[in-house]
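>>> Quick check, what structure comes out for this input:
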Amino acid sequence: MPDAAPQGDPTADLIAELTAAHYTIAVAESLTGGLLVAELVRVPGASVVVNGGVVAYNTELKKTLLGVDSSVLNVHGPVHPDVAKLMAIGVRNLLAVNGDRASIGVSTTGVAGPGPQGGHEAGTVYIGLAKGTGAWAIPLQLTGDRAAIRAETVTKAIEAVRELLAREAPE
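Next comes the predicted model:
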């Protein structure tokens, strides 16, 4: 087991949990623009588990880089739970290392504001998770200014990955 992380640092705890489980993680970001992967690599030792991150801010990159189905994007636009799931699935493959895809994919997509976009209010956010053959989307409705929404999305994404890991932890 790695050295104990400082108390009160969920990101350091996540890195320790991923390390202990021998898992890797890959990140696909839209509205957070790199903040999530930056938060992960802030922790010493993150290089053992963080494969990397992709900022697919432009909708076209969600399709061409991450493999999000264009029919999903055409019908729903980039702010949708299916897009979040497909981004998380796609980044696991895109950021494979030596042919091994990342154990976990996490993604962020949504509207940071200040105003609505594509029929969605500011603060409409989806976090995507992918592990094994499963994929999930977590809908959020956040408040605050642009910076607050982006920061809270990072916090919620860290929590979501930790909850995913806790669900499979032995009792």
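>>> quick one: the biggest helix by length in the chain to chain centroid distance?
When the chain is scanned for its longest helix (criterion: DSSP state H), the result is helix 146-168. The gap between the average C-alpha position of helix 146-168 and the chain average comes to 8 Å, counting by C-alpha atoms, centre = their mean, to the nearest Å.
>>> Contacts for that helix next, please.
Identification of contacts with helix 146-168 by C-beta atoms under 8 Å, 6 or more residues apart in numbering yields 10-11, 13-14, 17-18, 21, 23, 25, 31-33, 35-36, 39, 104, 106, 108, 110, 112-114, 122-123, 125, 127, 129, 131, 136, 138, 140, 142-144. C-beta: built from backbone N, CA, C; applies to glycine.
>>> Out of the residues you listed, which sit inside helices?
Assignment to helices by DSSP H places the following of the contacts of helix 146-168 there: 10-11, 13-14, 17-18, 21, 35-36, 39.
>>> Just the buried ones out of those residues, please.
Neighbour-count burial within the ones in helices among the contacts of helix 146-168 applies to 11, 13-14, 17-18, 35-36, 39; the criterion is 16 or more other C-beta atoms under 10 Å.
>>> Relative to Thr153, how far out is Glu159?
To Thr153, Glu159 is 11 Å away according to C-beta to C-beta, to the nearest Å.
>>> who has more neighbours, these two?
The neighbour comparison of Glu159 against Thr153 (other C-beta atoms under 10 Å) goes to Thr153, with 26 against 14.
>>> Run through the chain and note the low-pLDDT ranges.
Per-residue confidence for the chain (pLDDT under 70) gives these ranges: 1-7, 169-171.
>>> Ala16: how many residues sit nearby?
By other C-beta under 10 Å, the burial measure for Ala16, its neighbour count, is 19.
>>> So His37 is in contact with Ile25, correct?
To be clear, residue 37 is Val; His isn't right here. No: contact between Val37 and Ile25 fails when scored by C-beta atoms under 8 Å: they sit 9.2 Å apart.
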